[in-house]
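A.B. asks: Here is the input, now give the coordinates:
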Amino acid sequence: QVQLVESGGGLVQAGGSLRLSCAASGRSFTQYTMGWFRQAPGKEREFVAAIGWSAAPTEYADSVKGRFTITRDNSKNMVYLQMNSLKPEDTAVYYCAADRLYVVYWTTSGTYAYWGQGTQVTVSS
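C.D. replies: Numbering: from 1, shown residues only. Have a look, this model is predicted:
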């Protein structure tokens, strides 16, 4: 079992930056792929980024490549999402997710067993 708690969301102007954090508790954190997903009102939950258990490899949605960076600190059971050059279309609730997954499954939300409660990110134009 893994418990996940996100933090760091908020209101930011377009072009600004935020760093989301995900604190994980439970056993075997280092065995899990960690992912970030987001869901905007009226839309499906979509993949944002994922990172392997050893901090590599990483995977990003095309919409955030070059702007977002996912990292993890296994010594602290933490995962981070650095978001730069934010756009209004990045507005959503951002969720942290975890599971033991092959890379081919990383972008599919249904393959993750463990989820946080989400943190709201709002980007104003």
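
A.B. asks: what's the spacing between Val121 and Tyr32?
C.D. replies: Distance, Val121 to Tyr32, by C-beta to C-beta, to the nearest Å: 23 Å. In this view, the C-beta of every residue, glycine as well, is placed from N, C-alpha and C.

A.B. asks: ok, the two, which is more surrounded?
C.D. replies: Each of Val121 and Tyr32 has its neighbours counted (other C-beta atoms under 10 Å); Tyr32 has more, 26 against 22.

A.B. asks: got a list of what the more buried one touches?
C.D. replies: Under the criterion of C-beta atoms under 8 Å, 6 or more residues apart in numbering, the neighbours of Tyr32 are 2, 24, 53, 98-100, 114.

A.B. asks: Return the backbone torsion pair for it.
C.D. replies: phi -100, psi 140 (degrees, to the nearest 10).

A.B. asks: Now name the helix or strand holding Val12.
C.D. replies: Element membership of Val12 [criterion: DSSP states H and E] is strand 10-13.

A.B. asks: could you point out which element follows that strand?
C.D. replies: Strand 10-13 is succeeded, C-terminally, by strand 18-26 (DSSP H and E).

A.B. asks: May I see the buried residues of stretch 116-125?
C.D. replies: By 16 or more other C-beta atoms under 10 Å, the buried positions in stretch 116-125 come out as 116, 118-119, 121, 123.

A.B. asks: Tell me which stretches of this structure form strands.
C.D. replies: 2-7, 10-13, 18-26, 33-39, 46-51, 58-60, 68-73, 78-83, 92-99, 114-115, 119-124 (DSSP state E).

A.B. asks: Give me the buried positions along the third one.
C.D. replies: Buried residues in strand 18-26, counting neighbours by 16+ other C-beta under 10 Å, are found at 18, 20-22, 24.

A.B. asks: Compile those into TSV and extend it with columns for distance to Asn84.
C.D. replies: Shown next, in TSV, are the buried residues of strand 18-26 (distance: C-beta to C-beta, whole Å):
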residue	distance to Asn84
Leu18	9
Leu20	12
Ser21	16
Cys22	18
Ala24	24
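
A.B. asks: Report the lowest-confidence entry in the residues you listed.
C.D. replies: Ranked by pLDDT, the buried residues of strand 18-26 bottom out at Ala24, which has 95.
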